[in-house]
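Visitor: Generate coordinates for the sequence data below:
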Amino acid sequence: MSSKFARNLLVAAIATASLAVVGPAGPATAATAPLSHTRITEHFDLPGGQMPENIVLEPNGSIDLSFSAARQIAQVTRDGKVRVLATLPAPADDGVHTPALGFPLVTGLVRDAHGTLYFLYATGTADLTGVWRLTPGGAPERIAALPADGLPNGLALDSGRLYLTDSVRGVIWRVPAAGGTATVWADGAELAPTGFLGANGLKVHNGAVWVSNLDKGTVVRYAVRRNGAAGPARIRAEQLSGIDDFAFIGRSDRILAALDQTDQVALVEPDGTHTIVLSAQDGLQNPTAVAVRGSAVYVTSAAYLTKRDPNLLTARIHTGR
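Guide: Below you'll find the model as predicted:
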């Protein structure tokens, strides 16, 4: 890792810490029901920039990750080996003009049924910022440009369309999965930042687009109308300080949300109430994303602020429903 990158990362960490919601995070506790059997299954290379930002589960049991600061898409095989699938080109200015952060980073990651990976890259430059695609055995290619003054972050794929958040501009973009022009699908105060980052994680679930807002600590739902347009914004949960990405539990509207700034994962009920089910005591270090498959839960920690141990945690969930 270059000294310039390390300096930029430190500045970003200080900014994040200073903008966190004031107040105690509460005492760290071990995994709380319905989660159990937590363990750290992978430790990543912090000096090498292997800070996992997003996660995709492969059908064969492998796990795909975006390593934000390394500008990489990587895969953790079933036997625990980390294999780099692609490294994105560095911007000519080293990404110092990347909004809010000051370093280039790979963020949202999704997979289609054929194994093609789509992901987002923010650099602060017009030639690289945008939506990228990686076909199996191929090379990464940009399929849609996004504004250089934005920070593309959360990403979801549904019915041939990609939905993505911009954490700085406070909008949801929509892009054809085949590539093309990005259009604003939703905007408004519910998505805007209040000092650092606004719209963050994004999922398409039960006929709606769901988005987290890191600064406001909220989860927002937009119904997808029959004509494909966005319905009105509905706040579904609040007081989730520093919420990053999240995942739904099966077909229900129950959410497991990564709370980046407090080293926690919250279980959010459909009525908006939440409980903390994982904490730093379980090994979380600035968790960024959650994935759920059956009874298995996967949480990535980027260690942006702790600067100690970026890792992958697994747990078991018992819903009883």
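Visitor: Surely residue 75 and residue 83 touch.
Guide: Yes: between residue 75 and residue 83 there is a contact at 4.9 Å, judged by Cβ atoms under 8 Å. From N, CA and C alone the C-beta is placed, and that goes for glycine too.
Visitor: Of the two, give the one with the bigger neighbour count.
Guide: More crowded of residue 75 and residue 83, by other Cβ atoms under 10 Å: residue 75, with 16 against 10.
Visitor: is it true that the more buried one lies in a strand?
Guide: Yes: Residue 75 forms part of a strand when assessed by DSSP: H, G, I helix; E, B strand; the rest coil.
Visitor: how much space is there between it and residue 286?
Guide: 22 Å (Cβ to Cβ, to the nearest Å).
Visitor: same thing with residue 173?
Guide: Distance of residue 173 to residue 286, given as Cβ to Cβ: 26 Å.
Visitor: Any stretches of this structure with poor pLDDT?
Guide: 1-29, 320-321 (pLDDT under 70).
Visitor: Recalculate using a threshold of 80.
Guide: Within the chain, the stretches with pLDDT under 80 are 1-30, 319-321.
Visitor: quick one: the helices in it?
Guide: 3-19 (DSSP state H).
Visitor: Contacts only, for residue 46.
Guide: 303, 307-310 (Cβ atoms under 8 Å, 6 or more residues apart in numbering).
Visitor: Isn't residue 297 up against residue 318?
Guide: No: counting by Cβ under 8 Å, residue 297 stays clear of residue 318, with 10.7 Å between them.
Visitor: Pull up the overlap in contacts between the two.
Guide: residue 35.
Visitor: Can you get me a residue count around the closest residue to residue 201 other than its chain neighbours?
Guide: Once flanking residues are discounted, residue 201 sits nearest to residue 245: 3.4 Å by Cβ to Cβ, 6 or more residues apart in numbering. Residue 245 has 31 neighbours, counted by other Cβ under 10 Å.
Visitor: who's in contact with the residue nearest to residue 158 when sequence neighbours are not counted?
Guide: Among residues not flanking residue 158 along the chain, residue 204 sits closest, at 4.0 Å (Cβ to Cβ, 6+ apart). Residues near residue 204 by Cβ under 8 Å, 6+ apart: 156-158, 163, 210, 224.
Visitor: what bridges to residue 204?
Guide: Counting by DSSP bridges, residue 204 is bridged to residue 209.
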